[in-house]
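Novice: Here is a sequence together with a model predicted from it:
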Protein chains: 2
Amino acid sequence: MHGNRLESHPPGAGLEPLPCTGARLRRLGRRTTVFYEQYLRPLGLRLTQYSVLVHLGSAPQALLELAERLEMDRTTLTRSLRPMIDRGWVVVSRGSDARLRLLSLSPDGLALRERARGQWARAQLALEAVLGREFTAQLNQALEEALARVKPALPEEN
Amino acid sequence: MHGNRLESHPPGAGLEPLPCTGARLRRLGRRTTVFYEQYLRPLGLRLTQYSVLVHLGSAPQALLELAERLEMDRTTLTRSLRPMIDRGWVVVSRGSDARLRLLSLSPDGLALRERARGQWARAQLALEAVLGREFTAQLNQALEEALARVKPALPEEN
DNA sequence: TCGATTTCCGTGCATATGCACCTTATAGCA
DNA sequence: TGCTATAAGGTGCATATGCACGGAAATCGA
């Protein structure tokens, strides 16, 4: 194994934990969210709404399916959609299965999505300018790797 | 510079942005939050409440000062504190400056903080087991570096 | 075919988040 | 010593988040 030198471990306790990874993730997440939202604000979009927009299209899609792709709680998505429906960006329809709420973008929604993508690209490039292009690529890589190892919480055992 | 081969760049546009760093940060942040909260649930603590707890102590501290250390919105902290005050974990007092709300932990709060720290350590070690100890250390390092480069949003220009 | 089970969703409740606006208290200055 | 600027904080509003509960539609087995 690696080292495990005898140092400040309480007797009987195992390894010392590293500094809190979750706190660092959350803190950096907050800062970058603010960063991206500066660019989305002119469009009247929150970051959550943007992520919903880019996961929608002309083809109707069930709410639960969308929630899983977004890795977002089903009920959170329900409520996040409400203002987007009210503003005419998202259209709800019904198919043969009367249980499913099928979601798609209206023409307005599609147009907004394109403008939002442009703003996102500006934000991402600006972030890369701050972090350094190479470092950003490495960070993305590390985050991908971590995402592959930390699986999303599944409802019920699967 | 590095490469910059002529490829799918739209004419006139600059570099292509990398895949969305913010989305990866937010997604990994959500998953790890769920991860930590599994360990805090037995204590009836949300992760936000835990982070407030560990930034408090016996010594009274002004709300705004605490908010800045937590890098949390002042008003968010006000509301996050309410249930913790109601449950007797946090005590509010007044000093010579009548504008300041001074916060400290009650004996119950101090005891809870210690139990919560133990649960946090178990969560962190479990996360390290999932990610790999070495990789976690590298990830922490990368996050620290990113935090050093992406400064927190300041209220007004400072 | 009909009753039990499963699937898809919505709502109530509690907390989280941040902005705009307001009140109160202190500090600074003429 | 007042008057004004500034600092600390609360509340309203809108959105975000997830759990528990409940309802309605589809599925499946006897």
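Specialist: Okay, I see it. Numbers count the residues shown, from 1 in each chain, chains lettered A, B, ... in the order given.

Novice: now the strands for chain A?
Specialist: With DSSP state E, the ranges of strands along chain A come out as A:61-62, A:90-93, A:102-105.

Novice: Select, out of those strands, the one closest to residue B:20.
Specialist: strand A:102-105 (19.1 Å; CB to CB). For glycine as for every other residue, the C-beta is placed from the backbone atoms N, C-alpha and C.

Novice: I'd like to know which elements the closest one is packed against.
Specialist: Counting by 3 or more CB pairs under 8 Å, 6 or more residues apart in numbering or on different chains; DSSP states H and E, the packing neighbours recorded for strand A:102-105 are strand A:61-62, strand A:90-93.

Novice: try 6 Å
Specialist: Applying 3 or more CB pairs under 6 Å, 6 or more residues apart in numbering or on different chains; DSSP states H and E, we find strand A:102-105 packed against strand A:90-93.

Novice: related to what we said a few turns ago, JSON lines for the strands of chain A, including distance to DNA strand C?
Specialist: Below are those laid out as JSON lines (distance: least, CB to the nearest atom of the strand, whole Å):
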{"stretch": "strand A:61-62", "distance to DNA strand C": "4"}
{"stretch": "strand A:90-93", "distance to DNA strand C": "7"}
{"stretch": "strand A:102-105", "distance to DNA strand C": "7"}
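
Novice: just these: most buried one?
Specialist: strand A:102-105 (a mean of 20; mean count of other CB atoms under 10 Å in any protein chain shown).

Novice: so how far is residue B:112 from the closest residue in space to residue A:48 that isn't next to it in sequence?
Specialist: In this structure, residue A:48 finds its nearest non-sequential neighbour in residue A:80, 5.7 Å apart by CB to CB, 6 or more residues apart in numbering or on different chains. To residue B:112, residue A:80 is 33 Å away according to CB to CB, to the nearest Å.

Novice: In terms of neighbours, single out the busier of these two.
Specialist: A direct count of neighbours by other CB atoms under 10 Å in any protein chain shown for residue A:80 and residue B:112 places residue B:112 higher, at 22 against 19.

Novice: and that one, what does it touch?
Specialist: Neighbouring residues of residue B:112 by CB atoms under 6 Å, 6 or more residues apart in numbering or on different chains: residue B:89.

Novice: which residues of chain A score low on pLDDT?
Specialist: Within chain A, the ranges that satisfy pLDDT under 70 run A:1-13, A:154-158.

Novice: Helices of chain A, residue ranges please.
Specialist: A:21-40, A:47-54, A:63-70, A:74-86, A:107-131, A:133-149 (DSSP state H).

Novice: how close does residue A:57 sit to residue B:111?
Specialist: In this view, residue A:57 and residue B:111 are 53 Å apart by CB to CB.

Novice: got it, and residue A:86?
Specialist: From residue A:86 to residue B:111 the distance is 47 Å (CB to CB).

Novice: Those two: which has the busier surroundings?
Specialist: With neighbours defined as other CB under 10 Å, residue A:86 and residue B:111 compare such that residue B:111 has more, 12 against 9.

Novice: Enumerate the residues of chain A near chain B.
Specialist: Neighbours of chain B within chain A, by CB under 6 Å from any CB of the partner chain: A:17-18, A:21-22, A:24-26, A:28-29, A:31-32, A:34, A:36, A:71, A:121, A:124-125, A:130-131, A:136-137, A:139-140, A:142-143, A:146-147, A:149-150, A:152-153.
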